[in-house]
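>>> sequence-free structure coming up:
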């Protein structure tokens, strides 16, 4: 399955709906439907369920409300920039039929929001995907509701900080170099060399002569 959380959830939700119909669970009361859902959804998803908070208008024993909670948990994690990148770089695989290829393109396109795309979003996507700084790209891809203006501000701030750090590091190196140079010059002055050359030897303690 696709590693994208939202896509995985949409596919699993369809499977669950078919499963409920095939087994007749959809006819059961809410508590049984929820218990069955949590039994087949998997350990990781069950742990996510335990983190949900419920408001007065929601019922944790209503399968519709439970599914809505999972919808909210998964949907915000869809990264439109990444999905568009996948779409634009999805080429037909060897031995892949046109039908299979188009089906996968349609699946990816559902998360691309192509119908709402604006010129700023096109520039934003190209900016994020074209950055030389991999860490900056990773940081921007983590952000939900990333706008072109926000992406530019973050990149400029990082660029300015990097330039300031280089200046500070250069200044530190200059100071260190000057101190080392001053130390070498002090050690090589005539006064110091004379002291080192004519240092009075320390008298030795007399030794007894044995007859």
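Happy to help now that I have it. For clarity, every value in this text was computed on a predicted model and none was experimentally measured.

>>> quick one, what contacts residue 93?
Residues counted as contacts of residue 93 (C-beta atoms under 8 Å, 6 or more residues apart in numbering) are residue 101. Heads up, the C-betas are built off the backbone N, CA and C, glycines and all.

>>> mind showing which ranges of the chain have poor pLDDT?
By pLDDT under 70, the weakly predicted segments of the chain are 1-3, 76-78, 171-182, 185-211.

>>> Break it down into its structural domains.
Per automatic domain parsing, the structural domains of the chain span 5-77, 79-115.

>>> could I get the ones you listed as JSON lines with distance to residue 157?
Shown next, in JSON lines, are these (distance: least, C-beta to C-beta, whole Å):
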{"stretch": "domain 5-77", "distance to residue 157": "25"}
{"stretch": "domain 79-115", "distance to residue 157": "19"}
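
>>> which stretch among those comes nearest residue 169?
The closest of these to residue 169 is domain 79-115. By C-beta to C-beta, the value is 33.0 Å.

>>> So residue 58 sits against residue 65, correct?
Yes - Residue 58 is within contact range of residue 65, at 4.6 Å (criterion: C-beta atoms under 8 Å).

>>> Neighbour count: these two, which is higher?
Ranked by neighbour count (other C-beta atoms under 10 Å), residue 58 and residue 65 place residue 65 first, with 17 against 14.

>>> thinking again about what came up before, tell me which of the domains of the chain approaches residue 122 most closely.
It's domain 79-115; of the domains of the chain, that one is closest to residue 122 (C-beta to C-beta) at 9.1 Å.

>>> Lovely, talk soon.
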